[in-house]
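**Student:** Quick one: sequence plus predicted model below, questions after.
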Amino acid sequence: MSKWSAVDQEYGDDDAEAVDELVSSKASSSTLDMDDGNDDEDFPSYYPQPKPQRTCLFYGATVLSFIIIYRTEICLGAALAFCVSIAIKDFSSTKGGPRRSKNAFKNAHVFHDYSNINSKYDLTLGSIDHWCLIGDDNNCQCEDPLVPMGKHSSRKWIAQHKENMKVATEAVMKLIDVSNTKEWNDFEGYVPGLDDGWIDGADDDWIYAKGARFGDDYSYLGEDDVFGNDFDPDADYAASYDTGANAGDETGERKMESTGLDVVFIGDSITEQRQGTAHGEHVDDYVSIKEVFDKTFTKDKGGDFDGIAMGIAGDTSPNVLWRLLNGESPFGLEPKVWWVHVGINDLSVKGCSEEVTLLGILRVVEEIQNKCPDAKIVINSILPVRRNEEGLLEHIGKNHEDQALRKKELNMMDSSLSPKRMHVDLWPSIVSINEELSKFASKHKGIKFFNADEVFVEEREDAKYLKVDLMGDAVHPNLSGHKKWNNAIKKRLHEILNDDL
């Protein structure tokens, strides 16, 4: 049955065959016939519509619509992009972005002026631009330069600190006329010379840095004290001891010899070399350095001066400050000159910035000046650090400007450098700190600056070089270096001490 049979039955159309012919005829027409202009009106032809012309106004309206519809998502995306850009910039800065410009000496410059500091109370942290050498505040182990810091967890450090206290105490004992000093004769625990047993006594809290045998804390003196109730630690004790008939009687006075200690060297591992040790342990290469030091700074051995050295390897300025406050500057240790050499570990081990390192050194100087106002203080310049086999430190430009080393010139094997130190070019930082120390010393009458570059640095026509023949490693001078350094120090001491005559 055709599809029209149902129509016939429904509507009673008898002319079904005619309808079939009509449908068959229309359905058999081809696509080409449909496109022809003579198509039947019941099947109109297809005509493609023309594309609309899209103008700038159209695109502007589209963008505006998109922004209005997705305004929340767009705002959040912009905020996210801003945060990511800040994070990338901060990450780049930690990699040395602002600290690795072409002018490394300008980057290392300390812009705040500390030359007018007159006491430790003038030193503050508020003006510090950045704490770390690489230019930020977080990627270093830098300590507060104004706060004393001991290394109580290191047995070697504690042992060397005790040794330094013994050296300082022995120097004081040699200056005391014990034979005519009633107080010391009455003290049964004392043996003339250096009595290590007395110093290391179990009940002597001085050795544990809780007080000082000759310090300012005399709270432990009671009624049964071996010195008696009349003991007065004041410096004017000898003059005020007896104003009666026995005034001037030396038997009851604590008197010091007129000839005191000439110089005390205090610092880090380079100073400890003069003691023949490193971290308190004997070093064969340092024995000859100690012998040369003793001959130069011991009058009994032919030296022009009497001096002692107190150093501990690895110490920073806060470590030296702690030692001064806890036994290495006892009452009675009043040399004519304090020779301070510290700072390289603040830079190369802790990674402190030039400004923080400078503050630490100045804090040590101000503490010594507070304890010994009549003494001269010499700040030794920070010594150069070797970063290539030739000893090249910097280039000298056409206009005599300083130009730092190129990356390829930092060719010293990393294995030749201590893994504890930063393997970067420290010379621009050292130059900056030394310039500030020199400026500071020039404005203070009792403080001098000693530029050791005159000994260890050679300036040629187009560059400056470290004299590698004077260095035992990248940081420490060898025997030849110490000999020439000692001779330069001796010459400077003559100038300083002769000025006081």
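**Tutor:** On my side now, so go ahead.

**Student:** Using PDB, write out the CA atom coordinates for the longest helix along the chain.
**Tutor:** Counting residues, the longest helix found in the chain (DSSP state H) is helix 71-94. C-alpha atoms of helix 71-94 as PDB (Å, rounded to 0.1, in the frame of the first residue of the first chain):
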ATOM      1  CA  ARG A  71      34.100  41.200  35.100                       C
ATOM      2  CA  THR A  72      34.600  39.100  38.200                       C
ATOM      3  CA  GLU A  73      36.800  36.600  36.500                       C
ATOM      4  CA  ILE A  74      38.800  39.300  34.800                       C
ATOM      5  CA  CYS A  75      39.400  41.200  38.100                       C
ATOM      6  CA  LEU A  76      40.600  38.000  39.900                       C
ATOM      7  CA  GLY A  77      42.900  37.100  37.000                       C
ATOM      8  CA  ALA A  78      44.500  40.500  37.000                       C
ATOM      9  CA  ALA A  79      45.100  40.300  40.700                       C
ATOM     10  CA  LEU A  80      46.600  36.800  40.300                       C
ATOM     11  CA  ALA A  81      48.900  38.000  37.500                       C
ATOM     12  CA  PHE A  82      50.100  41.000  39.600                       C
ATOM     13  CA  CYS A  83      50.900  38.700  42.600                       C
ATOM     14  CA  VAL A  84      52.800  36.300  40.300                       C
ATOM     15  CA  SER A  85      54.900  39.100  38.800                       C
ATOM     16  CA  ILE A  86      55.800  40.400  42.300                       C
ATOM     17  CA  ALA A  87      56.900  36.900  43.300                       C
ATOM     18  CA  ILE A  88      59.000  36.400  40.200                       C
ATOM     19  CA  LYS A  89      60.700  39.800  40.800                       C
ATOM     20  CA  ASP A  90      61.400  38.900  44.400                       C
ATOM     21  CA  PHE A  91      62.800  35.500  43.300                       C
ATOM     22  CA  SER A  92      65.000  37.300  40.800                       C
ATOM     23  CA  SER A  93      66.300  39.600  43.400                       C
ATOM     24  CA  THR A  94      67.400  36.700  45.600                       C
END
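
**Student:** counting contacts, what elements does that helix pack onto?
**Tutor:** Packed against helix 71-94 by the contact rule (3 or more C-beta pairs under 8 Å, 6 or more residues apart in numbering; DSSP states H and E) you find no helix or strand. Every C-beta, even on glycine, is put in place using the N, C-alpha and C of the backbone.

**Student:** Mind giving me the packing neighbours of the very next helix or strand once past it?
**Tutor:** The helix or strand immediately downstream of helix 71-94 is helix 104-107, counting by DSSP states H and E. For helix 104-107, the packing partners by 3+ C-beta pairs under 8 Å, 6+ apart come out as helix 427-442.

**Student:** Go again with 10 Å.
**Tutor:** If you count contacts as 3 or more C-beta pairs under 10 Å, 6 or more residues apart in numbering; DSSP states H and E, helix 104-107 packs onto strand 402-403, helix 427-442.

**Student:** looking at those, which is closest to residue 362?
**Tutor:** Closest approach to residue 362 among those (C-beta to C-beta): helix 427-442, 6.6 Å.

**Student:** Now stretch 271-291: buried residues?
**Tutor:** By 16 or more other C-beta atoms under 10 Å, the buried positions in stretch 271-291 come out as 271-280, 283, 286, 289-290.

**Student:** For residue 160, state which of those is nearest.
**Tutor:** residue 280 (3.7 Å).

**Student:** Enumerate every residue touching that closest one.
**Tutor:** 154-164, 272, 312-313 (C-beta atoms under 10 Å, 6 or more residues apart in numbering).

**Student:** Report the buried members of those residues.
**Tutor:** Buried among these (16+ other C-beta under 10 Å): 156-158, 160-164, 272, 312-313.

**Student:** Go through these and say which is closest to residue 132.
**Tutor:** Looking across the buried ones among the contacts of residue 280 and measuring by C-beta to C-beta, the closest to residue 132 is residue 313, at 23.0 Å.

**Student:** what about the residue nearest to the closest one when sequence neighbours are not counted, how many neighbours?
**Tutor:** Distances taken as C-beta to C-beta, 6 or more residues apart in numbering place residue 269 nearest to residue 313, at 3.5 Å, with adjacent residues excluded. Neighbour count for residue 269, taken as other C-beta atoms under 10 Å: 19.

**Student:** May I ask which two of the contacts of residue 280 are separated the most?
**Tutor:** Every pair of the contacts of residue 280 checked by C-beta to C-beta; the farthest is 155 and 272, at 16.0 Å.

**Student:** which residues of this structure score low on pLDDT?
**Tutor:** 1-54, 89-102, 177-259, 399-400, 411-420, 422-423, 500-501 (pLDDT under 70).

**Student:** any idea how far the residue nearest to residue 313 lies from residue 450?
**Tutor:** Look at residue 269 and residue 450: by C-beta to C-beta, to the nearest Å, they are 18 Å apart.

**Student:** Repeat that for residue 492.
**Tutor:** Remark: distance between residue 492 and residue 450 (C-beta to C-beta) = 6 Å.

**Student:** what do you get for residue 161?
**Tutor:** From residue 161 over to residue 450 the distance is 25 Å, taken as C-beta to C-beta.

**Student:** Repeat that for residue 335.
**Tutor:** Taken as C-beta to C-beta, the span from residue 335 to residue 450 is 16 Å.

**Student:** Kindly report the same for residue 346.
**Tutor:** Per C-beta to C-beta, residue 346 is found 19 Å from residue 450.

**Student:** Which one's more surrounded, the two?
**Tutor:** residue 346 (31 against 23).

**Student:** Could you give the number of residues near the closest residue to residue 329 other than its chain neighbours?
**Tutor:** Closest residue to residue 329 apart from its sequence neighbours, by C-beta to C-beta, 6+ apart: residue 371 at 5.6 Å. Using other C-beta under 10 Å, residue 371 has 17 other residues around it.

**Student:** Residue 371 and residue 333 touch, don't they?
**Tutor:** Yes: applying C-beta atoms under 10 Å, one finds residue 371 in contact with residue 333, separated by 8.9 Å.

**Student:** Doesn't residue 377 lie inside a strand?
**Tutor:** Yes: assessed with DSSP: H, G, I helix; E, B strand; the rest coil, residue 377 lies in a strand.
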